[in-house]
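Colleague: this is the structure alone, sequence omitted:
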């Protein structure tokens, strides 16, 4: 079973067009890529800020009230209180 290019969906769409060598390299790293992304989001403030700015921007475009987004963010970041 192939999982998407962790942690992003859509790898199955481009996989057939990739060189077999590239597919083999991605397959070796698939499990670790999720952890790398989590660690980067956790320990690199610049990336974390860009991620959350993107989330807030998408929420605004979708018409989700920002107070609810902030509430969810504060609940998610419970350890920083």
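Modeller: Perfect, thanks for sending it. Note that the structure is predicted; figures quoted are calculated from it, not measured.
Colleague: please report how far residue 17 lies from residue 54.
Modeller: 27 Å (Cβ to Cβ, to the nearest Å). Glycine gets a C-beta too; all of them are placed from N, C-alpha and C.
Colleague: hmm, I was thinking of residue 26
Modeller: Distance, residue 26 to residue 54, by Cβ to Cβ: 24 Å.
Colleague: ok, now residue 66?
Modeller: As judged by Cβ to Cβ, residue 66 and residue 54 stand 14 Å apart.
Colleague: number of nearby residues for residue 23?
Modeller: Residue 23 has 16 neighbours, counted by other Cβ atoms under 10 Å.
Colleague: contacting residues around it?
Modeller: Counting by Cβ atoms under 8 Å, 6 or more residues apart in numbering, residue 23 makes contact with residue 15.
Colleague: what pLDDT does residue 79 get?
Modeller: Residue 79 is assigned 67 on the pLDDT scale.
Colleague: whoops, I mixed them up, residue 40
Modeller: On the pLDDT scale, residue 40 gets 90.
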